[in-house]
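1. here's my sequence, what's the structure:
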Amino acid sequence: MKVLDTNFVIDLLSGNAAAAEKARSDESPGLSLAVPAPCVAELFRGVDRAGGRGREALEALLNEVEVLPLDDPGARIAGRLAAETASSGREVSMMDCLVAGIAVRHEATIVSRDRDFSRIPGLSLETY
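-> I've put the predicted structure just below:
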């Protein structure tokens, strides 16, 4: 499973060539794509701040992927990751830890250009 981070979804919907190429390279039978619920919140915040521009495209994309909730196991993992990165001196934002916690819980790879994810030990990350 690939978990799509907020910046990847934004780049893909904006026509970013690198994101589009990454999406094409990830097309394979049996590969499931998902967006974590915290990213959905970020995406709709952006759409609403833009006066609704891009809502239809976002809705269409979200209808094609699974939205992964933040459940108790994912939240516990996120808390542990936040504590580990803070104690190592390489703190990662709680939002990124929530996304990472969801990805770890589902044994998924995060697709993002946010290099902060690389500071989370053991997280599977693909950049573009």
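2. what is the subsequent helix or strand relative to the worst-scoring helix or strand of the chain on mean pLDDT?
-> Across the helices and strands of the chain, mean pLDDT, DSSP states H and E gives its lowest value to helix 17-25, namely a mean of 93. Per DSSP states H and E, helix 17-25 leads on to strand 33-36 as the next helix or strand towards the C-terminus.
3. mind listing what's buried along the least confident helix or strand of the chain?
-> 19, 22, 23 (16 or more other Cβ atoms under 10 Å). All C-beta spots, glycine's among them, are computed from the backbone N, C-alpha and C.
4. dump the residues you listed into JSON lines; add distance to residue 58 as well.
-> Shown next, in JSON lines, are the buried residues of helix 17-25 (distance: Cβ to Cβ, whole Å):
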{"residue": "19", "distance to residue 58": "14"}
{"residue": "22", "distance to residue 58": "18"}
{"residue": "23", "distance to residue 58": "15"}
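5. from those, pick the one nearest residue 110.
-> residue 22 (12.2 Å; Cβ to Cβ).
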